[in-house]
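In: show me how the following folds:
(2 chains)
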Number of protein chains: 2
Amino acid sequence: MSGGTLGSRAMSGQWDPAIVDARAWDGRPVREHLRAAGLDPQRVGEAARPPGSLGAYLELHIEQGATLEQDGIDIGLVTGIVGIRRYSVVFEGEANHAGTTPMDRRRDALVAAAPFVGRVREVAMRHGIVGTVGTLQVHPGASNVIPGRVELGLEIRGLHETILDGAEHDLRQLAQLRPVSRKPPVASSELVLAGLDRACEAAGLSRRRMPSGAGHDAMCMAALGPEAMLFVPSRGGVSHSPLEFTEPGHCVNGARVLLAALLDLDQSDILDS
Amino acid sequence: MSGGTLGSRAMSGQWDPAIVDARAWDGRPVREHLRAAGLDPQRVGEAARPPGSLGAYLELHIEQGATLEQDGIDIGLVTGIVGIRRYSVVFEGEANHAGTTPMDRRRDALVAAAPFVGRVREVAMRHGIVGTVGTLQVHPGASNVIPGRVELGLEIRGLHETILDGAEHDLRQLAQLRPVSRKPPVASSELVLAGLDRACEAAGLSRRRMPSGAGHDAMCMAALGPEAMLFVPSRGGVSHSPLEFTEPGHCVNGARVLLAALLDLDQSDILDS
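Out: Okay, here's the model as predicted:
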């Protein structure tokens, strides 16, 4: 099963009925987990609300990164959730005996692939996005055989499709990219961000505008109305781990800004628009 | 089981009794294969002959590389069998979320490891040896996780320990090498090479002096007396494969040179020395 945020997918009308047959982390189908939670797998889609039916949606989350903690910032104002494009990249060479094939007669797929890893980093930095080669397989993968084929997994993430297009264009000059998956970015509402901004100001908390590099419920809820998120620092940026931790003071900061922004937005025109 | 040439290991007094317990390619212990061939596994070591007991040893083999074929040379005169040094090289970084960790706060082990692959090639070429990164594992190896650790398998092969020492020294400037295995090079006998050279001359065959990048029986037999090998071209350099093929004419060339060199050496002082 790819991705999470099942509740907000259903509520925002983006429920795919096939999800109930997919396997969850424990190998059991999603339908069993839904039943165990007292839900009817066939009726989840009925949770959908009409587009535009929410005046605003706010979401408080830990950063899942360490930049707020490292820089001593209280609150992150999330300007959007990054789009993610994944690719498979293959470098073909010629597998051959590593002892009997002279250096000047080799077509070593790993020698060809290696510089691409550093180039991905350069391209990402030039475009102000993140880019990662997270997987790399060498074939056949024996100490005495020149690599004949290298396959690597690449992803880029950014807030703007046009910037992702530009980075993808640059990467295509370097290697042939086979698209594997693609999620569009979701921009936050400036009206909601303004409300969060005023709430931070009133609470005397430092803040920074930043993208969210990970997916969140807000991504789905954007279909129902204007949304934005706020982040609080997470220790060491660790998340989805028993070591995940946010100082109680930061949790309180987040809750205070969330409340103040809700009250602020409740007084504004946003709910009537 | 590591390596082959069991017969010459036994004959040259380099038999390790533990070999009979090792597993062969089919998973059965070597002792079973020895018995099936009518041999007594406990008595293989008795085949040993005393050092210096052979006047000379010659071995005819296909090149297992494509340089003779590509360059239209009839015979390769093997100046020695390369030494092989294998290392494990680890690059440590910090695994982190590929979406939420900005480019300038990453310690990406694959970005650190990738340039090393090209450097191995440069160092090998500078020292006139071969060097190969044949394996590379990325940990944890997920598309959305920055590589925290990369382990690669490196080998260098060369005819001279001092040159291998120099290459190893250069590589140690680039990364920490953990030695995995080491086989010393074996130099051919100049007296035997001279005999082969005269035999080629007499037969009107073109020849080239070259190292053997792979291991052979001659490597063991060098313990018993002066040795050298001759190579004939192998089509496409393919070996250990059903596609291995050497033109009948090249086989005849090899056999003629082998015979002529044996007769030549039989007339020389080498057998009395």
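In: which stretches in the stretch 1-150 of chain A count as helices?
Out: Using DSSP state H, counting those that start in this stretch, the helices of the stretch 1-150 of chain A run over A:6-11, A:30-36, A:67-71, A:109-127.
In: which of the residues in the first one are buried?
Out: Buried residues in helix A:6-11, counting neighbours by 16 or more other CB atoms under 10 Å in any protein chain shown, are found at A:6, A:8-11. To be clear about C-beta, it is placed using only N, CA and C from the backbone, and glycine gets the same treatment.
In: so residue A:179 makes contact with residue A:84?
Out: No. Assessed by CB atoms under 8 Å, residue A:179 is found out of contact with residue A:84, at 11.5 Å.
In: more neighbours: those two, which one.
Out: residue A:84 (23 against 10; other CB atoms under 10 Å in any protein chain shown).
In: which residues does residue A:182 contact?
Out: Neighbouring residues of residue A:182 by CB atoms under 8 Å, 6 or more residues apart in numbering or on different chains: A:83-86.
In: phi first, then psi, for the residue of the stretch 101-250 of chain A found nearest chain B.
Out: Nearest residue of the stretch 101-250 of chain A to chain B: residue A:213, at 3.0 Å (CB to the nearest CB). As for residue A:213, its main-chain torsions (degrees, to the nearest 10) stand at phi -80, psi -10.
In: how about the nearest residue to it, chain neighbours excluded?
Out: The spatial neighbour of residue A:213 that comes closest, neighbours along the chain excluded (CB to CB, 6 or more residues apart in numbering or on different chains), is residue B:99 at 3.0 Å.
In: how about that neighbour, what does it touch?
Out: Contacts of residue B:99 by CB under 8 Å, 6+ apart are A:82, A:84, A:130, A:157, A:212-214, B:144.
In: kindly report the same for residue A:260.
Out: Residue A:260 neighbours (CB under 8 Å, 6+ apart): A:198-199, A:202-203.
In: may I ask which of those residues has the most neighbours?
Out: residue A:199 (25 neighbours).
In: so what's it scoring on pLDDT?
Out: Looking at residue A:199, its pLDDT reads 96.
In: pretty sure it is in contact with residue A:261, am I right?
Out: Yes. Taking contacts as CB under 8 Å, residue A:199 lies within contact range of residue A:261: 4.1 Å.
In: do you know how far residue A:143 is from residue A:108?
Out: Applying CB to CB, to the nearest Å, the value for residue A:143 to residue A:108 is 14 Å.
In: mind listing the shared neighbours of the two?
Out: Common neighbours of residue A:143 and residue A:108 (CB under 8 Å, 6+ apart) are residue B:132.
In: what is the burial count for residue A:159?
Out: 21.
In: shaky segments in the stretch 1-150 of chain A?
Out: For the stretch 1-150 of chain A, the stretches flagged by pLDDT under 70 are A:1-3.
In: could you look up the SS state of the most centrally placed residue in chain A?
Out: With distances taken as CA atoms, centre = their mean, residue A:214 lies nearest the centre of chain A, 2.8 Å away. Assigned with DSSP: H, G, I helix; E, B strand; the rest coil, residue A:214 falls in the coil class.
In: pop out the phi and psi values for it.
Out: Phi and psi for residue A:214, reported as degrees, to the nearest 10, are phi -110, psi 160.
In: please name the residues that touch it.
Out: A:64, A:81, B:97, B:99-100 are the contacts of residue A:214 under CB under 8 Å, 6+ apart.
In: tell me the two of those that are most distant?
Out: The two members of those with the most space between them (CB to CB) are A:81 and B:97, at 13.7 Å.
In: give me the neighbour count for residue A:132.
Out: 31.
In: swap in residue A:208?
Out: 14.
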